[in-house]
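Peer 1: one predicted model, sequence on top.
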Amino acid sequence: MGNSALKHHYETAAKTGVLNLSKSKINEFPAGLKQLHSVLRTLDLSENKFVELPSDIGLFLHLKSLTVNKNRLISLPDELGDLIKLETLSAVGNRLTIIPSSVSQLSKLKQVYLSDNLIKEFPLMLCGLKHLDVVDLSKNKITEVPKGVGTLNVTELNLNQNQISVLAEDIADCPRLKTLRMEENCLQLTAVPIRLLKESHISSLTVDGNLFEMKSFMDLEGYDKYMERYTAMKNKLL
């Protein structure tokens, strides 16, 4: 993107608080971007060449939405935790292996999209964020949903296409979880907590493509309780 085009984008962003620099062939923050740190509420840096985000991202204290999809990011900076007004974080299609613990400070966070990365450990730092609604961790390398997940406040959790073989029983304690997507993982039938079926709030559970037949899954203790919730949810939608 040429300097004149960038200048026009900056002038518009100064008025609207919205800046889209996607597909701009950049790998670092242009100088003019930093001058907008006090006004930007939405920033889109998708489809560029970033390997890392600079620590300066922590200056953008009014950001509510940060999108960095389809870059070459291998990590996110600790300063991300300074964005206390952030509501949406999207970093789909990068090379991330871990999420910084500072994300636990993002108390306004509602939506997190981290699919198609190389994340190996379930990001427990997201647990306890009271406004979190949707987390998408599909297409990663996660092998375990560990103990402690029960304080995750989301209504929807997408873990499709990982390598999960262990599912902690306290996932049944998630207070608002209604939709859990677990397709194409490595779950044995014995790894499915019975409490998940009998006692959770989950009304939409997808488990196709794991290491068991769906007929056997339907024979599990508590499946009828799950179906009661599923049917009630479907009836509400009619």
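Peer 2: Looks like it arrived, so ask away.

Peer 1: just the helices in the chain please.
Peer 2: Assigned by DSSP state H, the helices in the chain fall at 3-16, 31-34, 194-198, 214-218, 223-237.

Peer 1: the helix or strand bottoming out on mean pLDDT in the chain packs against which elements?
Peer 2: Lowest mean confidence among the helices and strands of the chain (mean pLDDT, DSSP states H and E): helix 3-16, at a mean of 84. Helices and strands touching helix 3-16, by 3 or more Cβ pairs under 8 Å, 6 or more residues apart in numbering; DSSP states H and E, are strand 18-20, helix 31-34. The C-beta positions use only the backbone N, C-alpha and C, and glycine is treated the same way.

Peer 1: nearest to I74, out of those?
Peer 2: Nearest to I74, of all the helices and strands packed on helix 3-16, is helix 31-34, at 21.2 Å by Cβ to Cβ.

Peer 1: got a list of contacts for that closest one?
Peer 2: 6-7, 10, 19, 21, 56, 59 (Cβ atoms under 8 Å, 6 or more residues apart in numbering).

Peer 1: now do it: distance to the chain's middle.
Peer 2: With Cα atoms, centre = their mean, to the nearest Å as the basis, helix 31-34 stands 28 Å off its chain's centre.

Peer 1: got it, and stretch 186-193?
Peer 2: How far stretch 186-193 lies from its chain's middle: 23 Å, per Cα atoms, centre = their mean.

Peer 1: which of the contacts of helix 31-34 are buried? Put it as a ChimeraX command.
Peer 2: Remark: buried members of these, expressed as a ChimeraX selection using 16 or more other Cβ atoms under 10 Å:
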select :6,10,19,21,59
